[in-house]
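Asker: Sequence plus the predicted model coming up.
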Amino acid sequence: MLLPVLALSSVLWASPPAAIELTIPSRGVTLAATLQLPATGRAPFPAIVLAHGSGRTTRDQMRWMADQFLSMGLAVLTYDKRGVGGSTGTYVNVGTARSIEVFGDLSDDALACVAALKARKDIDAGRIGLGGNSQAGWIIPLAASKSKDVAFLVITSGPAVTVGEEMEYSRLAGEDPGSIQGLADSEIDRRMREFKGPHGYDPVPVLQKLNTPSIWIEGDKDRSVPMVQTLATLDRL
């Protein structure tokens with residue numbers, strides 16, 4: 001069952017969570033990461049690795065989500081996207097042409113972080129999950145499909161459509177610079193049904209085979225992810 005949007009409140013700490021700086025090797029790059037342990041509770045902790053949305057995302061930009069999971073008693077690992085911040089490698093903006101290749105690299109980066117946690121005595125190796133929003137909705141199911149070490153997925157505002165469909169919807173819905181303004185939702189839906197452009201990465205074959213327990217938290221009024229198509233796909237699967 002799909003759940004409605006969750007309202008996330010701010011977190012106030014009696015004492016700040018412990019922070020451990022890590023460097024994690026992954027496919028020829030080194031990821032700059034921070035592991036935070038909950039302020040209360042006892043090790044070994046369940047844990048979540050937070051993957052990125054689109055753009056040049058750093059671990060600091062994931063703090064809002066990290067705080068929520070820390071307040072629930074999970075250890076949280078955040079990291080700079082490859083080629084961004086303290087991580088080495090080359091940042092590549094995802095489009096349809098290279099999306100399969102780029103998502104392959106980014107999903108392997110998430111798994112490298114899972115492996116780093118699994119080797120730690122203060123982390124419960126059997127309860128390590130992946131989370132994230134937006135573009136992470138493509139990345140973390142792909143990562144989970146490659147590994148038995150991922151115990152769960154938490155996806156917010158994640159697309160269950162192709163990269164090309166998401167890009168076309170963003171162009172029609174009026175959020176991104178250069179997008180069309182003022183189209184009615186009915187007209188957007190009509191144009192989306194007629195979309196014949198390049199598709200790039202398609203998540204459906206991965207999602208069809210995925211056995212990892214997952215929660216998808218979506219919002220009806222999303223102006224980047226086409227929710228009509230995404231919810232229909234998730235319901236069908």
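Answerer: That came in fine, so what should we check first?
Asker: Just the pLDDT for the residue positioned nearest the centre of the chain.
Answerer: Most central in the chain under C-alpha atoms, centre = their mean is residue 136, positioned 2.1 Å from the mean C-alpha point. pLDDT, residue 136: 97.
Asker: do the one 10 residues further on as well
Answerer: As summarised for this prediction, residue 146 has a pLDDT of 97.
Asker: and what of residue 192?
Answerer: Looking at residue 192, the pLDDT reads 95.
Asker: Surely it and residue 228 touch.
Answerer: Yes: between residue 192 and residue 228 there is a contact under C-beta atoms under 8 Å: 7.4 Å. (Each C-beta comes from the backbone N, C-alpha and C, glycine too.)
Asker: okay, and the common contacts of those two?
Answerer: Shared contacts of residue 192 and residue 228, defined by C-beta atoms under 8 Å, 6 or more residues apart in numbering, are absent.
Asker: Next one: the closest residue to residue 96 other than its chain neighbours from residue 159, what distance?
Answerer: Nearest residue to residue 96, sequence neighbours excluded (C-beta to C-beta, 6 or more residues apart in numbering): residue 200, at 3.2 Å. Using C-beta to C-beta, to the nearest Å, residue 200 is found at 12 Å from residue 159.
Asker: what about these two, which has more around it?
Answerer: More neighbours surround residue 159 than the other of residue 200 and residue 159, with 26 against 21 (other C-beta atoms under 10 Å).
Asker: dump the residue contacts of that one.
Answerer: By C-beta under 8 Å, 6+ apart, residue 159 lies in contact with 134, 137-138, 165-166, 203, 225-226, 230.
Asker: Of those, which qualify as buried by neighbour count?
Answerer: Neighbour counting over the contacts of residue 159 (16 or more other C-beta atoms under 10 Å) leaves 134, 137-138, 165-166, 203, 225-226, 230 as the buried ones.
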